[in-house]
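*Asks:* Return a 3D structure for these sequence lines:
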Amino acid sequence: MDPDFDEFLHVPARLSIVALLAPADWVEFGFVRDAVGTSDSALSKQVAALAEAGYVEVRKTRNPTGRHTHLRLTPRGRQALQRHASALERIVAAARHPLQPE
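*Replies:* Got it, this is the predicted structure:
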């Protein structure tokens, strides 16, 4: 297995979350929930795991319209996503160009 392949990050929900956060700064929780197509509780569980791993930062605020949760990819999360994506690209490239028998 490629040493940059991140089994923790490869979980489809987690990979979807970090890929969605990658091009953005802070993203609203509800936007991520809707874009990933999951429930609040399922997203909360995955975000908690990503935050514990240091991949995602969570910011909770309160204003007159209510409580708001925003997420962003940390530098560590961004690096992990880049390494994992590179590993996936190498795996796919190897499948496209199988080894020739000697």
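*Asks:* Helix or strand for residue 44, just tell me which one.
*Replies:* According to DSSP states H and E, residue 44 maps onto helix 40-52.
*Asks:* typo on my end, residue 10
*Replies:* Using DSSP H and E, residue 10 falls within no helix or strand.
*Asks:* go on, residue 67?
*Replies:* Using DSSP H and E, residue 67 sits within strand 66-73.
*Asks:* Report the distance from that strand to the chain centre.
*Replies:* What separates the centre of strand 66-73 from the centre of its chain is 16 Å, taken as C-alpha atoms, centre = their mean, to the nearest Å.
*Asks:* Summarise which helices and strands that strand is packed against.
*Replies:* Using 3 or more C-beta pairs under 8 Å, 6 or more residues apart in numbering; DSSP states H and E as the contact test, the elements touching strand 66-73 are helix 12-21, strand 27-28, helix 29-36, strand 56-63. Bear in mind the C-beta positions are built from the backbone N, C-alpha and C, glycine included.
*Asks:* Now tell me what touches the shortest one from outside.
*Replies:* Okay, so that is strand 27-28. 20, 21, 68, 69, 70, 71, 72 (C-beta atoms under 8 Å, 6 or more residues apart in numbering).
*Asks:* just to revisit the earlier point, quick check: buried residues in the strand holding residue 67?
*Replies:* For strand 66-73, a neighbour-count test (16 or more other C-beta atoms under 10 Å) marks 69, 70, 71, 72, 73 as buried.
*Asks:* so which of the residues you listed would you say is closest to residue 60?
*Replies:* residue 69 (5.2 Å; C-beta to C-beta).
*Asks:* Skipping adjacent residues, who's closest to that closest one in space?
*Replies:* residue 29 (3.9 Å; C-beta to C-beta, 6 or more residues apart in numbering).
*Asks:* Touching, the one you found and residue 71? I think so.
*Replies:* Yes: judged on C-beta atoms under 8 Å, residue 29 makes contact with residue 71 at a distance of 6.3 Å.
*Asks:* Overlap of the contact sets of these two?
*Replies:* residue 47.
*Asks:* contacting residues for the closest residue to residue 33 other than its chain neighbours?
*Replies:* Of all residues not flanking residue 33 in the chain, residue 43 sits nearest, at 4.9 Å (C-beta to C-beta, 6+ apart). Residue 43 makes contact with 13, 17, 29, 32, 33, 36 under the criterion C-beta under 8 Å, 6+ apart.
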